[in-house]
Structures are given as C-alpha cells and as structure tokens.
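Colleague: Everything below, folded, please.
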Amino acid sequence: MVEIDPIIRVALLRPCDSECYGLRTKSMFEALLEQGSNNMSENSSRIVVEEFDVINLKYPDENELGLYASFVIVGSLASAYDDHPWTEKLLDFIRRLHLENR
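Modeller: Numbers count the residues shown, from 1 in each chain. The predicted model follows:
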C-alpha cells in the first residue's frame with residue numbers, strides 16, 4: 001500500500017497589486033482545496049497553502065521546490081503583456097517549473 005504524505009503543500013504565487021483583491025486570495029484557495037480534499041473519502045492529508053508575493057520577487061526557496069505538490073498562479077490586474085519588473089522573473093520561474101516537470 002502506498003503511504004500518503006500527511007501534508008500537501010501548495011505554493012500560491014500571487015501577482016496581485018491591489019491590497020483589497022489580494023487579502024482574501026489565500027483563504028479562498030485554502031477553502032476550495034480543503035473542500036475538494038474532504039470530498040475524497042480516503043484522503044487523510046492536510047493541505048497547506050504558502051503564499052508568495054511575486055510582485056516583490058518573493059518565491060519558494062529553490063532548494064525546496066520538490067516539497068510542493070502544486071504551484072498556483074492567481075489572477076492579476078496586470079496583463080501578461082505589461083512591462084513590469086516582476087513579470088520576467090515570473091516567466092522565468094514558470095519556464096523552470098516546466099523544464100523540471102513540476
């Protein structure tokens with residue numbers, strides 16, 4: 001029998017530039033993920049959402065990327081085509097995750 005890790009870590013990459021919009025983002029995702037987890041009767045794992053403010057260049061530690069089961073990028077008031085200092089770093093991070101099959 002495969003042993004299930006009791007903690008499922010999710011990295012929430014938050015490119016929100018509005019305090020009002022960004023304050024509830026983590027709690028909304030935690031509630032959605034917990035609800036989904038509760039619907040899986042055999043799952044006894046606990047979901048931990050860790051939030052990262054990518055506008056201020058805050059990302060998961062490179063040596064700990066393997067700890068995360070998933071990476072979620074939430075919406076933003078910015079466009080993918082806008083020229084902000086943080087967008088290129090986010091694109092590089094996405095490319096890295098893709099190359100490492102994460």
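
Colleague: tell me the centre residue of the chain?
Modeller: By C-alpha atoms, centre = their mean, the chain has its centre lying nearest to Leu12, at 2.2 Å.

Colleague: Surely that one touches Val48?
Modeller: No: with contacts counted by C-beta atoms under 8 Å, Leu12 stays clear of Val48, the gap being 10.5 Å. In short, each C-beta sits where N, CA and C put it, glycine included.

Colleague: Specify the local secondary structure of Ile8.
Modeller: Put simply, Ile8 is strand when judged by DSSP: H, G, I helix; E, B strand; the rest coil.

Colleague: OK, contacts around it?
Modeller: Shown in contact with Ile8 (C-beta atoms under 8 Å, 6 or more residues apart in numbering): Ser37, Ser45, Arg46, Ile47, Val48, Ala69.

Colleague: Kindly report the same for Phe29.
Modeller: For Phe29, the contact set (C-beta under 8 Å, 6+ apart) comprises Val10, Leu12, Val49, Val72, Val74.

Colleague: measure it to Phe93 for me?
Modeller: Look at Phe29 and Phe93: by C-beta to C-beta, to the nearest Å, they are 18 Å apart.

Colleague: Repeat that for Asp53.
Modeller: Distance from Asp53 to Phe93, by C-beta to C-beta: 13 Å.

Colleague: Those two: which has the busier surroundings?
Modeller: Phe93 (20 against 16; other C-beta atoms under 10 Å).

Colleague: Quick check: pLDDT value at the more buried one.
Modeller: On pLDDT, Phe93 comes in at 95.

Colleague: What are the boundaries of the strands in the protein?
Modeller: For the chain, the strands defined by DSSP state E cover 7-14, 46-53, 68-73.

Colleague: Packed most tightly, which of the ones you listed would that be?
Modeller: Ranked by mean neighbour count under mean count of other C-beta atoms under 10 Å, these are led by strand 7-14, which reaches a mean of 19.

Colleague: Report the spatially nearest residue to Phe52, omitting neighbours in sequence.
Modeller: Leaving aside its chain neighbours, Phe52 sits nearest to Lys58 (4.8 Å; criterion: C-beta to C-beta, 6 or more residues apart in numbering).
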